[in-house]
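Peer 1: Any chance you can model this:
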Amino acid sequence: MNGPRTLVVMASQTQGLLLKLLLEERGFETTCVEGIERAWDELARQPTDLLIVEAETVGRSGLAALQAGGPTSVIVLGHGEGEHDPADPQGVVGEAVALLEQRNAAPTAADIFRRARILIVDDSATYREFLRSELEQEGCIVTAARNADEAVAALSGGGLDCVILDLVMPGTSGTQLCQRFDRFRRRRGLFFQIVILTSQDDEEQLAISLNAGADDFVGKAQTMDVLKVRLMALLRRKYFVEDHLLRLPRPGPSA
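Peer 2: Prediction:
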């Protein structure tokens, strides 16, 4: 079975088995365990798309730890607010299907921008603040840097999704800085995107920038809508890789 991987954590083997059978009827690949230690073992063994956990079985602290360190989608079984009745397995399965459908739906532009953490590198305070304002209106969290040193310090903090880099920078060229950023992400295994933003919008400069490691190249003469659409496309691909492809199990060693 190659359906969504689901981990069920329940004290009752009978209820767990019933839930497993109902989930497998809907195409879920399901594993049932009885305690939090077994749950952690399963989460460490393979990626899981959905966690269904009985609150009383793991305790509140264990539940909080599983929600923080486990898969994105979690269904909590219990009798508290926002929890699902473990005595209604059909309802739990219906909620599982709805959650996975929502997760697999194509993200909207608003979803993508609300998730985005962006670094702007430009020596012009006016243009930096213009870009910051435009992107923050879309829901992005934006950091701004005036030069290479500030940019590297921001990158070292981690968590960034994209760098928007001006091609003309004092003391160094944007192309050199792009190469530096590309080496930085390769050495550290990071996956942020690099966008060159410049007034030198020609084919020669496009080729130079892409060869330097940039993921896209946008002329400042283009409208802000063009930049936003190109940025959204880069981020959409990045998040798809992170959310889906990077979670696939690695093949084991050949015999």
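
Peer 1: does the residue nearest to Phe192 when sequence neighbours are not counted sit in a helix or strand, and which one?
Peer 2: Nearest non-adjacent residue to Phe192, counting by C-beta to C-beta, 6 or more residues apart in numbering: Leu160, 4.8 Å away. For every residue, glycine as well, the C-beta is placed using N, CA and C. Under the assignment given by DSSP states H and E, Leu160 is not contained in any helix or strand.

Peer 1: what about Leu160, distance to Asn211?
Peer 2: Distance of Leu160 to Asn211, given as C-beta to C-beta, to the nearest Å: 23 Å.

Peer 1: What lies in contact with the lengthiest helix in the chain?
Peer 2: Counting by DSSP state H, the longest helix found in the chain is helix 224-243. Under the contact criterion C-beta atoms under 8 Å, 6 or more residues apart in numbering, helix 224-243 has outside partners 72, 107, 109, 112-113, 115-116, 118, 134-135, 138, 161-162, 164, 191-193, 195, 197, 215-216, 218.

Peer 1: Would you write a ChimeraX line that selects the buried entries of these?
Peer 2: To isolate the buried members of those in ChimeraX, using 16 or more other C-beta atoms under 10 Å:
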select :107,109,112,113,116,118,135,138,161,162,164,192,193,195,197,215,216,218
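
Peer 1: Take the contacts of helix 224-243 and keep only those in strands.
Peer 2: Among the contacts of helix 224-243, the members found in strands (DSSP state E) are 118, 162, 164, 193, 195, 197, 216, 218.

Peer 1: Dump these to TSV, plus pLDDT and distance to Val229.
Peer 2: Below are those laid out as TSV (pLDDT from 0 to 100; distance: C-beta to C-beta, whole Å):
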residue	pLDDT	distance to Val229
Ile118	97	15
Cys162	97	14
Ile164	96	14
Gln193	96	14
Val195	96	12
Leu197	90	14
Asp216	95	11
Val218	92	10
